[in-house]
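1. okay, structure incoming, though there's no sequence with it:
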């Protein structure tokens, strides 16, 4: 499974570690687009496989994490799910829980096959909605030496119940109508990924637009802030929190003190029930873990300490 790789590193002129773009084949024939950050030192390096939340793409706020990990001696592989960002796949902006979980597995497998990556020291990292995948992977993928989930959603049903009943019904109706349309080959009906309270959007909390600002790619990179309504039927009933006791590898959960997007209780239960669970309570809300939020600097230090400690133990 040999990827196509960009001929040269991309240097943004800021002193950040350069990156390469790699195209990783999947079983469907579509390719996943990923950024590869490699430390200057001689490998093989421990590695962190990284992906974003629902509706977001790698260009929207993941580079600051990957750059810091790379400076600390970790390779970082940051990818877009199929149907999102620069990855292949149709229809666009449709979330499939099994497909995105499989994308993580594919990229982990690709990383493990590279001579400059130490296959014994691969971590999975995910933010917000990707916490669903991180918990499942930590419970089932023996290739991982550890996992990190920040502001993690780990219980789709609990998240759905956060919305007022009337809004839940409107979202369900939109999802069902879109799924019925798909059966007849119709294009998706889209919902905004972020909106104001009361708006029919995937995220409609007081800080959702703040999060949208932090996750909007800079420059000319296109991002549509929309999600196919049918996507809601793929995850609202899924509850990875119930798999916490099966997690054997170390897992770190960064849980915001005032998270109104991802229910805090289930995330804390994962940390409690996992055999080697660790938790850090970050300041602020759901989006404050990103660069530009009040807890980014603290969060990155906690994550780096976790990565260094467990990479060293596996060395």
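-> Great, that's in hand. These figures come from a predicted structure and were not determined experimentally. Residues are numbered from 1 along each chain as shown.

2. confirm that residue 312 sits in a strand.
-> No. Checked against DSSP: H, G, I helix; E, B strand; the rest coil, residue 312 lies outside a strand; its state is helix.

3. how many residues are close by it?
-> 10 (other Cβ atoms under 10 Å). All C-beta spots, glycine's among them, are computed from the backbone N, C-alpha and C.

4. elements contacting the helix or strand in which residue 252 is found?
-> If you go by DSSP states H and E, residue 252 is part of strand 251-258. Packing contacts for strand 251-258, counted by 3 or more Cβ pairs under 8 Å, 6 or more residues apart in numbering; DSSP states H and E, involve helix 131-140, strand 144-150, helix 264-273, strand 277-285, helix 296-314.

5. buried set for the first one?
-> Spelled out, that is helix 131-140. 131-139 (16 or more other Cβ atoms under 10 Å).

6. what mean pLDDT would you report for it?
-> Averaged across helix 131-140, pLDDT comes to 98.

7. shaky segments in the chain?
-> Counting by pLDDT under 70, the chain has low-confidence residues at 1-15.

8. tell me which residue lies farthest from the centre of it.
-> Distance from the C-alpha centroid of the chain, by Cα atoms, centre = their mean, peaks at residue 184 (31.1 Å).

9. state which strand of the chain is the longest.
-> strand 117-127 (DSSP state E).

10. strands paired with that one, and their directions?
-> With DSSP bridges as the test, strand 117-127 is paired with strand 45-51 (parallel), strand 144-150 (parallel).

11. angle of whichever helix or strand comes after the first one against helix 296-314?
-> Once strand 45-51 ends, the next helix or strand along the chain (criterion: DSSP H and E) is helix 63-71. Between helix 63-71 and helix 296-314, the angle formed by their directions is 40 degrees, by axes from the mean of the first three to the mean of the last three Cα atoms, to 10 degrees.

12. re the thing from before, need the strands paired with strand 117-127 in TSV with mean neighbour count and distance to residue 93, can you?
-> Formatted as TSV, these follow (neighbours: other Cβ atoms under 10 Å; distance: least, Cβ to Cβ, whole Å):
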stretch	mean neighbour count	distance to residue 93
strand 45-51	27	15
strand 144-150	27	23
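
13. in TSV, list the ones you listed along with distance to residue 33.
-> Putting the strands paired with strand 117-127 into TSV (distance: least, Cβ to Cβ, whole Å) gives the following:
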stretch	distance to residue 33
strand 45-51	11
strand 144-150	22
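
14. just tell me which of these ends up closest to residue 229.
-> Taking Cβ to Cβ, strand 45-51 is the member of the strands paired with strand 117-127 nearest to residue 229, at 21.8 Å.

15. now what about the closest one, what contacts it?
-> Identification of contacts with strand 45-51 by Cβ atoms under 8 Å, 6 or more residues apart in numbering yields 38-39, 58, 62, 65-66, 69, 73-81, 100, 103-104, 107-108, 111, 116-118, 121-126, 130, 133, 145, 148, 307, 311, 314.

16. what's the ChimeraX line that selects buried ones from those?
-> Per 16+ other Cβ under 10 Å, the buried members of the contacts of strand 45-51 correspond to this ChimeraX selection:
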select :38,39,58,62,65,66,69,73,74,75,76,77,78,79,80,81,100,103,104,107,108,111,117,118,121,122,123,124,125,126,130,133,145,148,307,311,314
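
17. ok, residue 214 touching residue 288?
-> No. Counting by Cβ atoms under 8 Å, residue 214 stays clear of residue 288, with 9.0 Å between them.

18. quick one on the thing from earlier: any buried residues in the strand holding residue 252, and which?
-> Buried-residue list, strand 251-258, by 16+ other Cβ under 10 Å: 251-256.

19. and the residue nearest the centre of the chain, what does it touch?
-> Closest residue to the average C-alpha location of the chain: residue 52 at 3.0 Å, with Cα atoms, centre = their mean. Contacts for residue 52 (Cβ under 8 Å, 6+ apart) come out as 58, 60-62, 80, 126-128, 130, 215.

20. let's have those residues in JSON lines, adding distance to residue 155.
-> What follows is these, written out as JSON lines (distance: Cβ to Cβ, whole Å):
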{"residue": "58", "distance to residue 155": "25"}
{"residue": "60", "distance to residue 155": "24"}
{"residue": "61", "distance to residue 155": "24"}
{"residue": "62", "distance to residue 155": "24"}
{"residue": "80", "distance to residue 155": "25"}
{"residue": "126", "distance to residue 155": "15"}
{"residue": "127", "distance to residue 155": "16"}
{"residue": "128", "distance to residue 155": "13"}
{"residue": "130", "distance to residue 155": "14"}
{"residue": "215", "distance to residue 155": "22"}
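
21. tell me the one of the residues you listed nearest residue 264?
-> Of the contacts of residue 52, the one sitting nearest to residue 264 (Cβ to Cβ) turns out to be residue 128, at 13.1 Å.
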